[in-house]
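Asks: please work out how this folds:
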Amino acid sequence: MKRIVKTLIVCAICFHSNIISAQMDEYLSSENSRIVQANTIETEIQKFVSDNLNSYELSQDITDEVIQHLRSEEEFTEEQLRRAILNTKIVELRKLFFIQNPDKKESYVARPLPVEIQQQCVNGDFESGTAGYTFWSDPHPQPASGAAFFLSCATPTSLTGTNAVTPVVNNMNATVTLIDSSSPGYVQYDPTLAGLGYNVPTLMPSAGGRKCIKLNNEQGLGSSDQTTVSRYFPNINQPTIDFNFSLVMDNKPAHGQPIQPFFRVRVLDRNNRVVDEICIIANPDNCLFNVIYVSDRRRVLYTNWICARLNVGEILNQPGTIEFTVSDCQPSAHFGTVYIDNICGSVCATPQLGALNTDPTNINCPDLVGNTPIQVCGTYSPPVNATLSSMTLAITQNGTTIGTVNAPTQLTPSTFCFTVLPSQFGANPTGDFEFQIDANFNVNCPAGAFIYTISDDSANIGPDVTFVDCCQATLTLVSPADDVNNLASTLQKKKERSDWIKAANIVSVGDNALLNGVVYHAENFVELSPGFEAEFGSQFAAYPEGCTANYTYKATTQNVAVSQPVPMEETVNLVKVSRDFTIVPNPSSSMIEIAMKESLFSNVNITTIDGKIVYERQFDKTDKTQVDISRYANGIYIVNITSDDGKMLTKKLIKN
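Replies: This next block holds a predicted model:
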C-alpha cells in the first residue's frame with residue numbers, strides 16, 4: 001500500500017511538472033510572437049519616418065537652441081550639428097507614429113507571467129531571446145529636453161508608449177542589442193575597446209550562454225540617450241537578485257562628475273518606491289574601472305564582467321520590478337553602454353559591489369516609559385578589496401533625520417546590530433519613522449583612496465516604527481469616515497486595541513494583492529457590526545489578539561497576478577511643413593479661392609509680374625479665402641501667402 005501511494009505521489013508530481021513546463025513554453029511562445037510583431041512595427045516606423053521626414057520641421061526656436069546648446073558644451077562641426085538636428089526630428093517622428101497608432105504600443109510591453117509559473121525564473125539569461133522584458137529609450141535630444149532633465153542617477157525615466165523600442169540582433173549601433181553568438185553579425189569583443197587594443201568579451205566568458213543584452217550604443221552626439229530594460233516579477237520569491245554586467249563609458253576630463261555617463265540598477269515595489277539601488281558614475285578614480293587614456297581630452301573607462309547583488313527581502317512574496325538604465329553624458333557627446341546577463345537564477349559567489357540589508361522591523365508604539373531598547377540588525381558584504389570605515393543609523397520621518405546612532409553596538413565581518421532607544425524619536429513622537437543605514441567602505445585605488453557608500457533607507461515596506469494609537473483600549477469604526485481599501489496607508493488599515501474593536505465601516509480592494517489586506521485585532525473581541533462590508537476581492541482579517549504590533553494577515557496563500565503600469569503619453573514637438581496651396585480656378589476672370597489642405601495661412605499678397613502690389617490682406621489664420629480679381633488687367637500675377645509656420649509660399653495666377 002505504501003508503495004502504491006508513493007507511486008501515485010510521484011505521478012502527481014510528474015503531471016504537475018509537465019503542466020508547468022507546458023505553461024512556460026506557451027508563455028515564451030507568446031512573448032516571442034509579441035517580439036516578432038514589435039520588429040514588424042519597427043519596419044513600419046522606419047518607413048513612416050522616411051515618408052514624413054520632409055513633411056515636418058522642428059520649430060525655429062528649438063533648432064536655434066540645439067545649435068546654441070551644443071556649441072556651448074562641445075566643439076562641433078557643421079555636419080555634426082546638422083546630424084544632431086536630424087536625430088531630434090527622427091525622435092519626434094517616432095513619437096508621432098505611436099500617437100497616430102496607439103494600438104501598436106502593446107507589442108512593446110512584456111506580458112506578465114501566468115499565475116502558475118510566476119515564481120519561476122523564466123528566461124533570466126536571455127537564452128530565449130527577450131521574452132519577459134520591456135525596453136525603452138529616452139533620447140533627450142539636445143537641448144529639446146534642456147540640461148534640466150539630467151540628474152545623474154536620480155534622472156527619472158518611465159515607459160511612455162512613444163519611447164518603447166525593441167532589440168535587434170547583433171547590431172552594435174542600435175539602442176538595444178541582443179548579443180547572440182549563434183546569429184550572423186556576432187561580435188566577440190566590444191568594438192570600441194577592441195579598436196583601442198583591449199579585448200573585453202560581449203558575452204560573459206564563464207557563464208556558458210549564447211546571449212545577453214547590450215543597452216545604448218557607443219555613438220553619442222546630439223542626443224543624450226538614456227536606455228532602460230525592465231523586468232516585472234509578479235512574485236519575488238528570494239531575498240536577493242543577483243546579476244552580471246560589463247560597462248564601457250566615455251569620460252571627458254573637463255566635465256564635472258555630476259554630468260558624466262551613469263549606470264543605475266534599481267528594484268521598485270508595487271507602488272514604484274525604490275527598494276534597493278546601485279549607482280555607478282563614470283569616474284577614473286574608482287578602481288572598479290580600467291582606464292584607457294585616448295587623449296588629454298578623452299578617457300574610456302571599462303569594467304570586466306562583474307557580479308552584483310540587490311537586496312529585495314523587504315518585498316518578499318510581493319510584486320516587484322527591476323530596472324537597468326544606462327545614460328550618455330549630459331551634453332551627449334560621450335557615451336555610456338552596458339552588457340547585462342543572468343538577471344535571475346544565478347548567485348554571486350562574492351558580490352563585487354557589496355551589499356547591505358536591514359532585517360524587517362515593524363514596531364508599533366515602542367516603550368517610551370521604560371525606554372526599552374530596540375535592536376536594529378542586518379547583514380552586509382563589503383565590496384571586493386574594501387574595508388568598512390564607518391556605519392551609521394539615521395532615524396528619519398518624511399525624509400528628515402530625527403536622530404542618529406553613530407556606530408553599531410554589535411559588528412562582525414558580515415552582520416551588524418544598532419541599539420536604538422525610544423527616547424531618540426524625540427519628545428511626544430507621533431506618526432511613522434524609518435531606519436536608514438549608511439555604510440562607507442574604503443578601497444585603495446591607483447588614484448588614491450576611494451569611498452564606496454552602500455545604503456538601505458528602510459527595513460521594510462511601510463514604516464519601520466509607528467507611534468499611532470499606542471495602545472488604546474477600544475475603537476469604533478463607522479462608514480464613511482473610516483472606510484478603507486487594501487492600498488491605504490498602514491495607519492488606516494491596521495488597527496489593534498487592548499480591549500475591543502467594533503467595525504461598521506466598508507473595506508474595499510485596491511490591487512487585490514496577497515498580504516496587502518486590512519487587519520483588525522483586539523484582546524477580547526473584534527465585532528463586525530451592522531453596516532460592515534468587505535467588498536468582493538478585498539482582503540480582510542480580524543482575530544482576537546492584544547496590542548502586539550504584529551499585524552499578521554491570516555489568509556490562505558495564493559498567487560494573484562498584478563497588472564503592470566500603463567505607459568504614459570508624450571507630446572510631439574513638430575510643425576507640419578506647408579509645402580503647397582491651390583488657386584481655383586486658375587486661369588480666372590473673376591473670383592478665385594486660395595486654399596491650403598494641411599495647414600493655415602494669415603497673409604495674402606498679389607503683385608504684378610514686375611512687383612507692383614495690387615492686393616494685400618492680413619487676417620486670422622485660415623485654410624481658405626476668396627479674392628475678386630475681375631477689375632485687374634489680363635496678364636500674369638504672383639500670389640504670395642504666409643503660412644502659420646512663417647514660410648512664404650508663391651504661385652502664378654493667370655487673369656483672362
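
Asks: and G195, its phi and psi?
Replies: Main-chain torsions, G195, degrees, to the nearest 10: phi -70, psi -20.

Asks: ok, it to N216 distance?
Replies: Distance from G195 to N216, counting by C-beta to C-beta, to the nearest Å: 17 Å. Bear in mind the C-beta positions are built from the backbone N, C-alpha and C, glycine included.

Asks: okay, those two: which has more neighbours?
Replies: N216 (27 against 11; other C-beta atoms under 10 Å).

Asks: where does D25 sit, in terms of helix or strand?
Replies: helix 2-52 (DSSP states H and E).

Asks: same question but for C470, I mixed them up
Replies: Per DSSP H and E, there is no helix or strand for C470.

Asks: tell me the pLDDT at it?
Replies: Per-residue pLDDT puts C470 at 76.

Asks: do the same with A473
Replies: 81.

Asks: number of nearby residues for it?
Replies: A473: 12 surrounding residues under other C-beta under 10 Å.

Asks: could you tell me how far it is located from N271?
Replies: For A473, the distance to N271 - C-beta to C-beta - is 33 Å.

Asks: and for T325?
Replies: From T325 across to N271, the span is 19 Å (C-beta to C-beta).

Asks: ditto for S599
Replies: S599 is 45 Å from N271, by C-beta to C-beta.

Asks: neighbour count winner among these two?
Replies: A count of neighbours by other C-beta under 10 Å puts S599 above the other of S599 and N271, at 19 against 9.

Asks: looking at this, that one is in a helix?
Replies: No. Assessed with DSSP: H, G, I helix; E, B strand; the rest coil, S599 is coil; it does not lie in a helix.

Asks: still on that earlier bit, and the next helix or strand past the helix holding D25?
Replies: For helix 2-52, the following helix or strand on the C-terminal side (DSSP H and E) is strand 56-57.

Asks: neighbouring strands of that following strand in the sheet, and parallel or not?
Replies: Applying DSSP bridges, strand 56-57 is found paired with strand 575-576 (antiparallel).

Asks: so for the partner strand, what's the average pLDDT?
Replies: Per-residue pLDDT values over strand 575-576 give a mean of 64.

Asks: secondary structure of A148: a helix, I assume?
Replies: Yes. Under three-state DSSP, A148 falls within a helix.

Asks: from H140, how far out is it?
Replies: Applying C-beta to C-beta to A148 and H140 gives a distance of 10 Å.

Asks: so if I had to pick from the two, which one is more boxed in?
Replies: For A148 versus H140, neighbours defined as other C-beta under 10 Å are more numerous around H140 (23 against 7).

Asks: residues contacting that one?
Replies: By C-beta atoms under 8 Å, 6 or more residues apart in numbering, the contact set of H140 is 149-150, 223-226, 332.

Asks: picking up where we left off before, now the helix holding D25: mean pLDDT?
Replies: Model confidence over helix 2-52 averages 72 on the pLDDT scale.

Asks: then stretch 621-641?
Replies: Computed over stretch 621-641, the average pLDDT equals 91.

Asks: contacts for it next, please.
Replies: Stretch 621-641 has contacts (C-beta under 8 Å, 6+ apart) with 581, 583, 588-597, 599-609, 614-615, 617, 619, 644, 648-656.

Asks: just how off-centre is it within its chain?
Replies: Centre-to-centre, stretch 621-641 and its host chain are 55 Å apart (C-alpha atoms, centre = their mean, to the nearest Å).

Asks: show me what contacts G129?
Replies: Counting by C-beta under 8 Å, 6+ apart, G129 has contacts 31-32, 35, 123, 178, 211.

Asks: so how do I select the buried members of the residues you listed in PyMOL?
Replies: The PyMOL selection below is limited to those of the contacts of G129 classed as buried (16 or more other C-beta atoms under 10 Å):
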select buried, resi 31+35+123+178+211
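
Asks: out of the contacts of G129, who's nearest L393?
Replies: Distance ranking of the contacts of G129 against L393, using C-beta to C-beta, places N123 first at 39.0 Å.

Asks: relative to K211, how far out is that closest one?
Replies: Taking C-beta to C-beta, one finds N123 at 10 Å from K211.

Asks: can you show me the helices along the stretch 451-600 of the chain?
Replies: Taking DSSP state H, counting those that start in this stretch as the criterion, the stretch 451-600 of the chain carries its helices at 490-493.

Asks: how about E92, secondary structure?
Replies: Put simply, E92 is helix when judged by three-state DSSP.

Asks: okay but it is in contact with N52, surely?
Replies: No. E92 lies out of contact with N52 (C-beta atoms under 8 Å); the separation is 10.1 Å.

Asks: ok, the two, which is more surrounded?
Replies: Each of E92 and N52 has its neighbours counted (other C-beta under 10 Å); E92 has more, 24 against 16.

Asks: spatially nearest residue to the more buried one (excluding sequence neighbours)?
Replies: Among residues not flanking E92 along the chain, L574 sits closest, at 4.8 Å (C-beta to C-beta, 6 or more residues apart in numbering).

Asks: list the contacts for the one you found?
Replies: Residues counted as contacts of L574 (C-beta under 8 Å, 6+ apart) are 56-58, 89, 92-93, 96.

Asks: which of those tops the neighbour count?
Replies: In these, the most neighbours by other C-beta under 10 Å go to E92, 24 neighbours.

Asks: still on that earlier bit, ok, of the contacts of G129, which one's closest to T379?
Replies: N123 (29.2 Å).

Asks: confidence score at the closest one?
Replies: 91.
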